[in-house]
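In: what follows is a predicted structure for the sequence shown.
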Amino acid sequence: MATTAAPTGGARNGAGPEWGGFEENIQGGGSAVIDMENMDDTSGSSFEDMGELHQRLREEEVDADAAAAEEEDGEFLGMKGFKGQLSRQVADQMWQAGKRQASRAFSLYANIDILRPYFDVEPAQVRSRLLESMIPIKMVNFPQKIAGELYGPLMLVFTLVAILLHGMKTSDTIIREGTLMGTAIGTCFGYWLGVSSFIYFLAYLCNAQITMLQMLALLGYGLFGHCIVLFITYNIHLHALFYLFWLLVGGLSTLRMVAVLVSRTVGPTQRLLLCGTLAALHMLFLLYLHFAYHKVVEGILDTLEGPNIPPIQRVPRDIPAVLPAARLSSTMLNATAKAVAVTLQSH
Amino acid sequence: QQVDEQPQPASFVPSEMLMPPDYAGQFFQPASNSDYYAQSSYIGSFDEEPPLLEELGINFDHIWQKTLTVLNPMKPADGSIMNETDLTGPVLFCVALGATLLLAGKAQFGYVYGLSALGCLGVYALLNLMSSSGVSCGCVASVLGYCLLPMVILSSCAIFFSLQGTFGTASALVIVGWCSLSASKIFMSALDMEGQQLLIAYPCALLYGLFALLTVF
């Protein structure tokens, strides 16, 4: 706003003493915001006033002085004299107070510098933490250390968003109430923030020693397993492979988080509640991500690639050839049955 | 008629210190000082006005230099060239990306602009958190926009053949790597963040990966 008000300031400075009355009332001196505000509070529109002003410049100076004397009375919204000046002062003060409060609130809530220490990482640290997130450590007597940083978790969430988008694009998923990007971001960030908050709340109930930042970091790094599984299984469409990876990789990262939480909680019931909830949510989320955005691919593959049907799929069984002579007819029967099945499936 | 003083709060070096000795034309900083308006006011005569390109702050020589820096990711970048906020080149490349996508049959200008705006904001927030000295949004937008040039090359390839095969995926990956390498190299030299190139390159790679998704699918 400083730059947009500068031309009017400049023009006014060159225009002469007519506007001097307003400048006397400006408290802050050079603040352009207040200039505009005071200018808008004149009796007419600012452009009309400037037009009139320009007119006066070209006439004799006596008229200019008379106008100056007139303007120094300080018309404010149609009120002349003392009332006008008082009104202007009050409006000024209200503006200042409002501005002060707004800037204080802004600097308090929108200050991202409070997050600065959580982004102070080295590439080697991030790499080692990524690898450690897949290795459960069985140490339940002392609280296990959790790295309190947000760079790794944030990047992992964004990576999951990208993988999800890629999966949705390759499978031609159509989202009717929304956009692909919105769905992906909503799902991933919703899971990360929502489940972290929920588990933090449960941890508070179960008296576990974990802070919100640590929970966010733990769950964020736990998404590394999800990223690996989804990246592989969105490209290689085999159900058995997915279930294997789900148990193995998903299980490893869940076990790691569970071990950390167990080391920070006292009491078997509390441990069971907390870790059971986290394990269930984490594993079910991976299951959901795979099946919600992947189903369509199977349908397309079946219709396009015919013979390459994975063994778990339900396929029409080949009608066995009873006699060697009847093999030709059984082949024809099989082909017809398959065609019928494909037609039925595509509906 | 060159204006030198720049009373602005951003961490910019005054242009007289940045000017390499081999620059021929004058370079005029737009939108940064109040004398600019007084000079081009209606009171001055026609002869005193600076040329239009100077007034707009478009310096083709500068744009070409930055483009060459982006196209050669192995060449070490000069940290000072990205200190001025030049948005002409980036806007030109975004429009070129949209145009090549249009020629390939996808009218997705809105997606290009939306992605670039949101991506700029995201990378701006991240860089401010990660670097010791701050960075302005204009500088981030400028760097990210310039490094979008290889993506324009990818989308112009998409006009002639579909990128949805193995070759398309491989070339998309190469282009994404090229863009993010250039961007992280320039950010590193401009913000003096040695040793964190990979940490900056990864978010840029995610952003350019989204552009690649837009181009390929």
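Out: Okay, I see it.

In: do you know how far residue A:285 is from residue A:253?
Out: As for residue A:285, its distance to residue A:253 is 11 Å (criterion: CB to CB, to the nearest Å). Yep, even glycine has a C-beta here, placed from its N, CA and C like the rest.

In: so for the two, which sits in the more crowded spot?
Out: Comparing residue A:285 with residue A:253 by other CB atoms under 10 Å in any protein chain shown, the one with more neighbours is residue A:253, at 26 against 18.

In: what's near enough to touch the residue most central in space within chain B?
Out: Residue closest to the average C-alpha location in chain B (CA atoms, centre = their mean): residue B:142, at 2.8 Å. Contact analysis of residue B:142 by CB atoms under 8 Å, 6 or more residues apart in numbering or on different chains lists B:82, B:85-87, B:89-90.

In: which among those end up buried?
Out: With burial judged by 16 or more other CB atoms under 10 Å in any protein chain shown, the buried subset of the contacts of residue B:142 is B:82, B:85-86, B:89-90.

In: with distance to chain A and pLDDT added, can I get these in JSON lines?
Out: Output for those, formatted as JSON lines (distance: CB to the nearest CB, whole Å; pLDDT from 0 to 100):
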{"residue": "B:82", "distance to chain A": "22", "pLDDT": "66"}
{"residue": "B:85", "distance to chain A": "13", "pLDDT": "77"}
{"residue": "B:86", "distance to chain A": "18", "pLDDT": "81"}
{"residue": "B:89", "distance to chain A": "22", "pLDDT": "88"}
{"residue": "B:90", "distance to chain A": "21", "pLDDT": "91"}
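
In: return the member of these nearest to residue A:96.
Out: Nearest to residue A:96 out of the buried ones among the contacts of residue B:142 is residue B:85 (CB to CB; 31.3 Å).

In: common neighbours of residue A:285 and residue A:253, please.
Out: Joint contacts of residue A:285 and residue A:253 (CB under 8 Å, 6+ apart) are residue A:226.

In: mind checking the SS state of residue A:209?
Out: Secondary structure for residue A:209, judged by DSSP: H, G, I helix; E, B strand; the rest coil, is coil.

In: ok, it touching residue A:264?
Out: Yes: counting by CB atoms under 8 Å, residue A:264 is a contact partner of residue A:209 at 4.6 Å.

In: for the two, indicate the residue with more neighbours.
Out: Between residue A:209 and residue A:264, counted using other CB under 10 Å, residue A:264 has the larger neighbour count: 21 against 12.

In: packing partners of the helix or strand encompassing residue A:288?
Out: For residue A:288, the host element (DSSP states H and E) is helix A:268-292. Here helix A:268-292 touches helix A:180-205, helix A:212-235, helix A:251-263, going by 3 or more CB pairs under 8 Å, 6 or more residues apart in numbering or on different chains; DSSP states H and E.

In: run the angle between it and helix A:180-205 for me.
Out: 170 degrees (axes from the mean of the first three to the mean of the last three CA atoms, to 10 degrees).

In: give me the contact list for helix A:268-292.
Out: Defining contact as CB under 8 Å, 6+ apart, one finds that helix A:268-292 is touched by A:164, A:187, A:191, A:195, A:198-199, A:202-203, A:206-208, A:219, A:222, A:225-226, A:229-230, A:233, A:242, A:246, A:250-251, A:253-254, A:257-258, A:261-262, A:265.

In: again, only this time at 7 Å
Out: Here helix A:268-292 makes contact (CB atoms under 7 Å, 6 or more residues apart in numbering or on different chains) with A:164, A:191, A:195, A:199, A:202-203, A:206-208, A:222, A:226, A:229-230, A:233, A:242, A:246, A:250, A:254, A:257-258, A:261-262, A:265.

In: buried sites along that helix?
Out: For helix A:268-292, the neighbour count (16+ other CB under 10 Å) marks A:270-271, A:273-275, A:277-279, A:281-283, A:285-286, A:289-290 as buried.

In: and these, which is closest to residue B:54?
Out: Scanning these for proximity to residue B:54, where the rule is CB to CB, the winner is residue A:289, at 54.3 Å.

In: mind checking which helix or strand of chain A has the lowest mean pLDDT?
Out: helix A:2-15 (a mean of 44; mean pLDDT, DSSP states H and E).

In: quick one: low-confidence residue ranges for chain B.
Out: Applying pLDDT under 70 to chain B flags residues B:1-45, B:79-83.

In: 50 instead?
Out: By pLDDT under 50, the weakly predicted segments of chain B are B:1-11, B:15, B:31-40.

In: residue A:150 touches residue A:119, doesn't it?
Out: Yes: with contacts counted by CB atoms under 7 Å, residue A:150 reaches residue A:119, the gap being 6.3 Å.

In: intersection of neighbour lists for the two?
Out: Residues touching both residue A:150 and residue A:119 (CB under 7 Å, 6+ apart): there are none.

In: so residue B:50, which state does it fall into?
Out: From three-state DSSP, the assignment for residue B:50 is coil.

In: can the longest helix along chain B be said to contact chain A?
Out: Ranked by residue count, the top helix of chain B under DSSP state H comes out as helix B:166-191. No: if you take CB under 7 Å from any CB of the partner chain as the test, helix B:166-191 misses chain A, and the best it gets is 9.8 Å.

In: which strands and helices lie in contact with that helix?
Out: The contact analysis (3 or more CB pairs under 7 Å, 6 or more residues apart in numbering or on different chains; DSSP states H and E) places helix B:166-191 against helix B:137-146, helix B:149-160, helix B:197-216.

In: can I get those in JSON lines including distance to residue A:180?
Out: Listed next are the helices and strands packed on helix B:166-191 as JSON lines, based on distance: least, CB to CB, whole Å:
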{"stretch": "helix B:137-146", "distance to residue A:180": "22"}
{"stretch": "helix B:149-160", "distance to residue A:180": "19"}
{"stretch": "helix B:197-216", "distance to residue A:180": "9"}
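
In: out of those, which gets nearest to residue B:99?
Out: Comparison of those against residue B:99 by CB to CB identifies helix B:149-160 as nearest, at 8.8 Å.

In: and the contacts of that closest one?
Out: With contacts defined as CB under 7 Å, 6+ apart, helix B:149-160 is touched by B:67, B:70-71, B:93, B:96-97, B:100-101, B:103-104, B:171-172, B:175, B:178-179, B:208, B:211-212, B:215.

In: which parts of it are buried?
Out: Going by neighbour count (16+ other CB under 10 Å), the buried part of helix B:149-160 is B:149-152, B:154-158.

In: again, but for stretch B:56-67
Out: Buried residues in stretch B:56-67, counted by 16+ other CB under 10 Å: B:57-59, B:62-63, B:66.

In: what angle separates the helix holding residue A:288 from helix A:212-235?
Out: Here helix A:268-292 runs at an angle of 30 degrees relative to helix A:212-235 (the same axes, to 10 degrees).

In: okay, angle between helix A:268-292 and helix A:251-263 too, please.
Out: Angle of helix A:268-292 versus helix A:251-263, following the same axes, to 10 degrees, is 160 degrees.

In: residue B:140 reaches residue B:127, doesn't it?
Out: Yes: between residue B:140 and residue B:127 there is a contact under CB under 7 Å: 6.3 Å.

In: thank you kindly, that will do.
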